[in-house]
Each structure stands twice: as C-alpha cells, then as structure tokens.
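>>> Task: produce atomic coordinates for the following.
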Amino acid sequence: MQELEAQNRRLQKRYDNLARKYERLLQQANDPIFGMRAGNSDGIGVPGGVDWRPASFLQEDEKASKQTSEGGTGEKKEGKERTFQKEEEEEGEEAEEAPPPPPPTPRLRVQSGLGGGAGEVIEPVPSSMMADYVNKRGPYQHDMRPLRVPGTVAFREGLEIRTPDDFFTLEFHNLTQLDYRAFDQTGDALHDNFIIPRQRWYFQGQVSPYAYYYTVINRGYGTLDILDSWADFNFAPQYKEHFQLRTGRMKTPYTYEYIKISESDLIAPERSLFITNFADNREIGAMAHGYFFERSMEYYVGVFNGPRRGFQGFNNSKAIFGLINVKPFLHSGIEWLEQLNITGSINGGNIRAPTQPIALTTANDQSPASSAAIVNVSPTFLIFNSNVFENGTYMQWAADVAYYYKSFTLLANYEGGFQNYGLQGPGALPSTAVYGPFASGAFVGVGSPHRIEVPLLGWSVAVTYFITGEQITRRLYLTEPRRPFGFYNGRLNPGAIEAYFRFSNLQLGDQVFTGGLANPADWANRVSTTDTGINWYLNHYVRLYFDWQHAFYNQPVFMSDTKSSRHNDLYWFRTQIFF
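Here you go, the predicted model:
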C-alpha cells in the first residue's frame with residue numbers, strides 16, 4: 001500500500017506539471033509573444049508566470065543517485081530504475097486514454113483596499129483542500145508540528161511562493177515612486193524638489209482556505225511605518241465571494257476613487273482634492289465585504305476608531321462606514337454599458353482628536369507626521385491654527401460614476417459633509433484645556449461645548465484615453481501595453497500612451513474663518529485645480545507621469561512674508577516601478 005501511495009503521488013505530480021504546461025500553451029496560443037491571457041474576467045491580460053520548479057523526473061533521478069551514494073546497494077538502484085521505467089510506461093498508457101485536462105479557472109483579482117496596487121485573489125476553493133491537508137498530516141499527536149509541504153516559485157505581477165494546492169501562498173510586491181516638482185510662484189516654504197512620495201513593500205497571501213493576510217511597509221514624507229496590516233477571514237470557502245470579515249488597519253470604504261483605485265494606478269499623480277484632504281484614509285477597525293448578483297454588486301460595511309489616518313482612537317465613539325458599487329448593465333449584453341459603475345458611500349461618527357490634516361494642499365496624499373515636509377513640496381492653500389482640534393460629530397457622503405469603454409475612461413465624483421472643530425487654550429471661548437495625569441490637556445475629560453461646524457463640499461471629473469489603443473475595464477494592475485516599449489520585430493515600439501484631463505474642486509464653509517480656525521489674511525477656503533498630462537507605460541511594470549497642475553484660489557494665499565498669490569502652477573514628472 002505504501003508503494004502504491006508513493007506511486008500515486010508521483011503520478012499526481014506529473015499530472016500537475018502537465019496541467020501547468022497545458023495552461024501556458026493555451027496562453028501562448030492567444031498571444032505567442034507575451035503569453036498573456038486574452039479575455040479574462042476583467043478584459044485585461046497579465047503576463048504568464050515563469051515556473052522555476054525542477055522537472056519531476058530530474059527530482060526522481062536526484063533522489064535515486066543520492067540513495068546509491070549514501071550506501072544503497074546495486075539492487076536498490078536497479079529496482080529504482082525498473083520502477084521508474086514502469087511508471088513511465090503506465091504514464092504513457094494513461095496519456096493515450098485520458099482526455100486532455102480542461103483549462104483552469106481564471107484567477108480573479110479584486111480590489112482589496114490595498115493602497116499600492118497589490119490585489120487580493122478570490123478563486124474557487126476545492127472542497128477537498130482541508131481533507132487532503134488532514135490526511136497528509138496523519139493522526140494527531142501531542143505537540144504536533146504543521147505539515148511540511150514543498151512550494152513553487154513564480155513571477156507574474158510580483159514574486160509568488162505557493163504550495164501545489166494553494167493551501168499557503170506568499171506574494172511580494174514593490175512600489176517605488178520618484179518625483180521632480182517644479183513650481184511657478186515659489187516661496188520660503190515651497191521649493192522645486194526631488195522627492196520620494198512612496199516607497200512600499202507588500203506582503204500578502206493565504207493561510208488555509210479560511211484566512212488571507214495583507215501587510216504593507218511604507219516610507220513617504222514621514223518615517224518608515226506599517227501602512228496596512230489586516231486579515232480577511234471566511235468561515236465557508238464556498239461563500240467566500242459573498243462574505244469576508246476584514247480586521248486590522250486598512251483603507252476605509254469611502255468613494256470609488258479611493259477604495260477601487262490604488263496609488264499605483266491613479267489617473268493623475270495624486271487623487272482629487274476632497275479625497276486627498278478629507279477622506280478618512282486608513283484606520284483600524286473591522287469590515288465586512290463581498291459580491292452579489294454574479295459580481296454586479298459589491299458592498300463594504302465597517303466600524304473604525306474614527307481619527308482620520310489614525311492608529312488609535314481618543315474617545316469611546318466609533319465611526320461607521322458603508323459603500324455599495326453597482327454595475328447595472330454587467331450582464332445585459334450591451335457592450336458599451338457593461339463597465340458602468342455607480343457608487344454611493346457614507347461615513348460618520350463623533351470624534352475628539354488632533355486636527356488631521358493640519359495643512360490642506362493640492363498635490364499630496366498626506367500622512368499624520370508629515371505636515372512640515374508637505375508644505376515644501378505641494379501648494380498649500382489653508383493651514384489650521386495650532387490650537388484647533390476636531391471636536392464633535394462629522395459626516396461625509398459621496399456619489400461616484402466610473403465608466404470604462406474600450407480605450408476611454410470617465411471618472412466623476414461628488415462629495416459633501418461637515419466637520420466640527422473646537423479651540424483649546426488661550427483665546428478659546430470658553431477655554432477647553434482639561435489636564436490629566438495620563439495625556440495632553442487637549443484630549444482628556446469632557447468635550448468642549450464650544451464647537452464650530454464647517455460644511456465641506458467637493459467634486460471632480462476626469463477623462464482619459466489610450467492613444468495607442470489599449471482597452472481596460474478598471475484601473476487595477478495597469479497596464480499591459482499592446483506593444484511594450486523597446487526595439488524588436490524590426491522597429492521601435494512605443495509602449496502604452498494615455499492622455500488625461502481632470503478638473504477638481506474643494507470648498508470649506510466661511511465658518512473656518514469666522515470661527516477662528518484659520519487666518520483669512522493668509523489662506524483661502526475654496527480651491528480648484530486642473531491636471532493635464534500623459535501617462536506613459538513602458539511595460540507592465542514601469543510607468544512615467546508628465547503632469548501640469550494649475551491651481552487657483554478664491555483669495556490670495558500666503559507664499560512668503562512679501563508675496564501672496566491667487567494661483568500656482570506645478571510641473572510634475574514622476575517615475576514609477578511596480579511589480
């Protein structure tokens with residue numbers, strides 16, 4: 001029985017190798033140059049993987065020679081050779097009788113709130129996976145260690161390590177961005193600069209069919225820190241697509257632009273004004289998410305600490321988030337409407353925390369510790385006074401439309417809401433400083449009764465078009481050019497070239513000045529920007545941005561002790577590598 005089991009395992013290994021070779025042949029039939037899938041579930045191709053695993057017959061030869069060199073007899077060697085020959089004959093007989101294996105189900109990547117481009121894999125989970133694992137493990141024993149399983153190494157969007165049954169997977173991704181920003185209207189703080197807005201390392205994968213993990217280490221304008229750290233749990237793998245529970249620090253589900261488009265796939269180098277300055281960004285909490293109606297509806301519902309871009313809460317209240325994205329024509333058969341997305345989202349809570357962000361800018365996705373650096377590399381149109389803190393209820397709502405058709409993309413959003421602020425220390429009416437032995441006076445004790453409610457409003461419209469003819473159905477893992485950049489086939493090929501234009505607007509109520517939250521002599525409370533530019537994708541992993549951002553304000557903003565301006569121009573060049 002042991003010999004039969006060993007033989008079956010070897011046959012299964014050869015079958016798995018043949019199935020993988022069959023999959024690669026199918027891919028190469030669709031595109032013999034790059035071996036990418038055409039017509040996968042999202043209408044985009046991804047490069048085929050490179051399998052570094054040795055052929056199984058080489059493994060067998062290596063084992064046989066090792067046994068002989070370690071003192072095995074000639075009879076053992078001869079028996080091994082006879083067994084191998086017999087297996088080859090049996091394998092040839094089975095190959096003649098058995099039909100070719102069906103093509104494997106495409107792996108479906110979905111947006112995971114990732115902030116950099118790495119995507120979660122949702123794919124059918126074999127019902128036998130846990131049974132196979134338990135059977136291979138053997139009977140339970142005290143102090144038992146997990147089963148040791150060999151893995152394969154491959155490269156597709158990133159570096160992947162997988163066990164043959166995908167019980168355990170690990171993916172590594174890298175995002176590197178370098179900017180050069182040149183400004184027209186500079187001042188004592190704002191200077192032309194080379195900067196690194198993002199350097200990120202992603203670690204993600206699966207541990208059993210029931211748990212998926214995701215960790216991102218980031219270095220931006222602030223210090224090196226943990227940007228994301230969460231895990232997805234599902235308790236019935238057959239319903240994994242419909243319901244998963246995510247816990248940890250993650251992107252909060254607010255607006256299509258934020259939750260569905262990662263930082264490596266933005267239209268312009270940074271997001272629109274309202275999202276950049278007032279979206280809650282990442283928080284610690286728990287969130288349920290999934291798909292229904294054959295993936296035509298996606299939902300997110302979460303509970304979080306509350307402070308924007310925070311690692312902790314400062315009061316007992318929690319923030320509630322909800323988002324629904326619908327593709328009403330996905331299965332209608334009307335091709336030009338299939339990729340129409342309509343999204344609604346809302347969030348709110350009661351907060352008492354430091355003001356975040358302190359500085360409102362036109363060209364940065366801010367982080368809590370970076371305000372000093374931000375004003376050096378982005379036009380700043382409002383800075384809150386140092387004694388201001390967030391104090392009381394807040395609420396935000398948004399409606400988005402995202403439309404993809406062949407080479408054309410339209411992304412539009414409308415956001416609204418309000419935020420309550422308070423004042424502390426000298427000059428506050430009344431004084432709100434409350435001191436205690438364990439924390440700063442600003443966030444201990446009963447909340448200040450003196451609150452200033454500031455209305456918020458924003459909207460943006462962006463359009464893009466691939467001049468070189470690439471077609472997409474979402475902005476995730478973009479883009480595999482039709483002809484990647486380089487000299488081959490007797491000519492210089494251009495890569496993918498995408499032209500875009502975006503108009504964005506943000507308005508804060510006059511209460512930000514009348515309530516003493518900011519100085520009206522230095523700052524503006526209404527700003528609009530236009531971004532015009534080109535995205536050049538040399539290949540699937542390398543992208544160059546060329547952007548001209550023009551910003552104009554409702555009143556002059558501070559540039560230096562002797563200069564104010566009602567407009568700024570930013571000439572923006574970014575290099576990006578993501579894999």
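
>>> Okay, helices next: where are they in the stretch 201-350 of the chain?
256-259, 273-278 (DSSP state H, counting those that start in this stretch).

>>> Let's see stretch 489-508 as PDB, backbone CA atoms only.
What follows is stretch 489-508, C-alpha atoms only, in PDB (Å, rounded to 0.1, in the frame of the first residue of the first chain):
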ATOM      1  CA  ASN A 489      10.300  42.900 -34.700                       C
ATOM      2  CA  GLY A 490      12.400  45.300 -36.700                       C
ATOM      3  CA  ARG A 491      11.000  48.500 -35.200                       C
ATOM      4  CA  LEU A 492      10.900  50.700 -32.100                       C
ATOM      5  CA  ASN A 493       7.700  50.000 -30.200                       C
ATOM      6  CA  PRO A 494       6.100  52.800 -28.200                       C
ATOM      7  CA  GLY A 495       4.600  51.200 -25.100                       C
ATOM      8  CA  ALA A 496       1.200  52.500 -24.000                       C
ATOM      9  CA  ILE A 497       0.400  56.200 -24.000                       C
ATOM     10  CA  GLU A 498      -2.600  57.600 -22.100                       C
ATOM     11  CA  ALA A 499      -3.700  61.200 -22.300                       C
ATOM     12  CA  TYR A 500      -5.900  62.600 -19.500                       C
ATOM     13  CA  PHE A 501      -7.600  65.700 -18.100                       C
ATOM     14  CA  ARG A 502      -9.100  66.300 -14.600                       C
ATOM     15  CA  PHE A 503     -10.900  69.200 -13.000                       C
ATOM     16  CA  SER A 504     -11.200  69.100  -9.200                       C
ATOM     17  CA  ASN A 505     -12.900  71.500  -6.700                       C
ATOM     18  CA  LEU A 506     -12.900  71.700  -2.900                       C
ATOM     19  CA  GLN A 507     -14.900  74.200  -0.700                       C
ATOM     20  CA  LEU A 508     -14.900  74.800   3.000                       C
END
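
>>> so which of the helices of the stretch 201-350 of the chain comes closest to S528?
helix 273-278 (8.0 Å; C-beta to C-beta). Glycine gets a C-beta too; all of them are placed from N, C-alpha and C.

>>> Can you name every helix or strand that that closest one contacts?
strand 359-361, strand 408-423, strand 452-466, strand 496-508, strand 526-537 (3 or more C-beta pairs under 8 Å, 6 or more residues apart in numbering; DSSP states H and E).

>>> on that earlier part again, make JSON lines from the helices of the stretch 201-350 of the chain and add mean neighbour count and distance to M559 to it.
Converted to JSON lines, the helices of the stretch 201-350 of the chain look like this (neighbours: other C-beta atoms under 10 Å; distance: least, C-beta to C-beta, whole Å):
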{"stretch": "helix 256-259", "mean neighbour count": "26", "distance to M559": "30"}
{"stretch": "helix 273-278", "mean neighbour count": "24", "distance to M559": "19"}
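
>>> Make TSV from the helices and strands packed on helix 273-278 and add mean neighbour count to it.
What follows is the helices and strands packed on helix 273-278, written out as TSV (neighbours: other C-beta atoms under 10 Å):
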stretch	mean neighbour count
strand 359-361	24
strand 408-423	20
strand 452-466	19
strand 496-508	20
strand 526-537	20
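
>>> quick one: which of the ones you listed has the weakest pLDDT on average?
Ranked by mean pLDDT, the helices and strands packed on helix 273-278 bottom out at strand 359-361, which scores a mean of 91.

>>> which outside residues touch that one?
With contacts defined as C-beta atoms under 8 Å, 6 or more residues apart in numbering, strand 359-361 is touched by 276-277, 366, 371, 374-375, 378-384, 506, 527.
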